[in-house]
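>>> What follows is a protein structure lacking sequence information:
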């Protein structure tokens, strides 16, 4: 513990799944972690408690994303606990429930509001709080580079826009020695995937077979990549899309 000592991190969607894995890892590395949640306050408090039990510092902040004024409201809540930021992890996101042929405009707009618009304005409004030498890490998806699940076209599009944002933002913030990168998971064993993945041997085997490593990813697998980019060791990597799919699109 200590690589991020003295740093403050914000992890959106940090109460569950990949976000919780990232929040706990950054906490173990010494960062003080703001655990953001959209609706599940209990889960956020559990994550905070887990970080504190491991010897770290954390606090929870709630704000639903994808609504007008969401970025300003989130930062107001953050400012009540901290006076600056070193690491912004845009992890919060939602998936599509319907394929191309049946998805409606409301769900399409919601996907882009949460997955693309919210990270944009969180970074824009957060830039004045982000200290020089800081980090912005956007959680993307392997589906933005490989059309393996065509039924998720709208979701993949929203993340592709996030990838473009990552590249351009690295140029905008580079003069301040702030790095900006995207980390792209493949299929990860989280509660979001529990209904179709866990307890279904055929589905699990199929998901594992997509990876060159023959395994299903875990939140820790993604969190470790994020931790590298957040650390001093990741100082010379910026504007990149990091494949963390376990070789699923190799």
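Everything's here; your move. Just so it is clear, the structure is predicted and the values come from calculations on it, not from any experiment.
>>> Output the longest strand belonging to the chain.
Residue-count comparison of every strand in the chain, with assignments taken from DSSP state E, identifies strand 130-139 as the longest.
>>> residue boundaries of the strands in the chain?
For the chain, the strands identified by DSSP E occupy 8-11, 32-37, 57-62, 85-90, 130-139, 179-185, 241-244, in order along the chain.
>>> Most tightly packed of those strands?
For those, the stretch with the most neighbours on average is strand 8-11, a mean of 29; neighbours defined as mean count of other Cβ atoms under 10 Å. Backbone N, C-alpha and C define where each C-beta goes, glycine included.
>>> For that one, which helices and strands make contact with it?
If contacts are counted by 3 or more Cβ pairs under 8 Å, 6 or more residues apart in numbering; DSSP states H and E, strand 8-11 sits against helix 17-28, strand 32-37, strand 85-90.
>>> Pull out the buried residues from the longest one.
So that's helix 17-28. Within helix 17-28, the residues that qualify as buried by neighbour count (16 or more other Cβ atoms under 10 Å) are 17, 18, 19, 20, 21, 22, 23, 24, 25, 26, 27, 28.
>>> my read: residue 11 touches residue 32, true?
No. Taking Cβ atoms under 8 Å as the contact criterion, residue 11 and residue 32 are not neighbours in contact, 11.5 Å apart.
>>> Tell me who's in contact with residue 63.
Contact analysis of residue 63 by Cβ atoms under 8 Å, 6 or more residues apart in numbering lists 36, 38, 70, 73, 74, 77.
>>> what about the second one, how many neighbours?
As a burial measure, the neighbour count of residue 38 was computed by other Cβ atoms under 10 Å and equals 19.
>>> Excluding chain neighbours, what is closest to it?
Spatial nearest neighbour of residue 38, chain neighbours left out: residue 64 (4.9 Å); criterion: Cβ to Cβ, 6 or more residues apart in numbering.
>>> circling back to that earlier point, tell me the one among the buried residues of helix 17-28 nearest to residue 85.
For the buried residues of helix 17-28, the closest approach to residue 85 (Cβ to Cβ) belongs to residue 26, at 12.3 Å.
>>> who's in contact with the most centrally placed residue in the chain?
To find the centre residue of the chain, average its C-alpha atoms and take the closest one (Cα atoms, centre = their mean): that gives residue 91, at 1.9 Å. Shown in contact with residue 91 (Cβ under 8 Å, 6+ apart): 11, 12, 13, 14, 18, 19, 22, 139.
>>> again, 10 Å this time
For residue 91, the contacting residues are 10-14, 17-23, 36, 119, 137-139, 183, 222, 226, taking Cβ atoms under 10 Å, 6 or more residues apart in numbering as the criterion.
>>> Output the lowest mean pLDDT helix or strand found in the protein.
helix 194-197 (a mean of 75; mean pLDDT, DSSP states H and E).
>>> still on that earlier bit, what is in contact with residue 11 and residue 32 at once?
Both residue 11 and residue 32 are in contact with 26, 58, where contact means Cβ under 10 Å, 6+ apart.
>>> any idea how far the closest residue to residue 20 other than its chain neighbours is from residue 13?
Spatial nearest neighbour of residue 20, excluding adjacent residues (Cβ to Cβ, 6+ apart): residue 47 at 4.9 Å. In this view, residue 47 and residue 13 are 11 Å apart by Cβ to Cβ, to the nearest Å.
>>> Between these two, which contacts overlap?
Listed as contacting both residue 47 and residue 13 by Cβ under 10 Å, 6+ apart are 19, 20, 23, 35, 37, 40.
>>> Any chance of those in a markdown table with distance to residue 133 as columns?
Written out in a markdown table, the entries for these read as follows (distance: Cβ to Cβ, whole Å):
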| residue | distance to residue 133 |
| --- | --- |
| 19 | 24 |
| 20 | 26 |
| 23 | 21 |
| 35 | 23 |
| 37 | 28 |
| 40 | 33 |
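>>> For these, which two are the farthest from each other?
Longest span within these, Cβ to Cβ: 23 and 40, 13.5 Å.
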